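**Student:** this is a predicted model, with the sequence first.
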Amino acid sequence: QMLVTVGGDHARLMAEAFGPTARWVATAEQAQQWLAENLREGDVVLVKGSRGVGLDQLVRALVGGGG
């Protein structure tokens with residue numbers, strides 16, 4: 001299990017509270033980059049977030065396989 005949080009202080013605090021298998025990034029673009037480098041075949045990704053930080057674009061990139 002891995003948690004990646006995106007956004008400001010609340011997201012950072014969630015990652016810190018989750019523990020060592022969490023990663024915080026400031027932007028959806030950083031999340032997309034991290035996922036591109038770390039996802040492996042068979043991994044499952046649940047995106048729970050807002051359009052305010054651009055996670056809808058992240059979902060489109062994941063589903064469409066591109067930016």
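**Tutor:** Perfect, thanks for sending it. Given the structure is predicted, the values throughout are model-derived calculations rather than measurements. Numbers count the residues shown, from 1 in each chain.
**Student:** distance of Asn38 from Val45?
**Tutor:** The spacing between Asn38 and Val45, counted by Cβ to Cβ, to the nearest Å, is 11 Å. Placement of C-beta: from N, CA and C, glycine included.
**Student:** now Ala36
**Tutor:** The gap separating Ala36 from Val45 is 12 Å, by Cβ to Cβ.
**Student:** how many residues are close by Leu58?
**Tutor:** 22 (other Cβ atoms under 10 Å).
**Student:** ok, and the closest non-adjacent residue to it?
**Tutor:** Ala28 (4.7 Å; Cβ to Cβ, 6 or more residues apart in numbering).
**Student:** shouldn't the one you found be in contact with Gly54?
**Tutor:** Yes. Assessed by Cβ atoms under 8 Å, Ala28 is found in contact with Gly54 at 3.5 Å.
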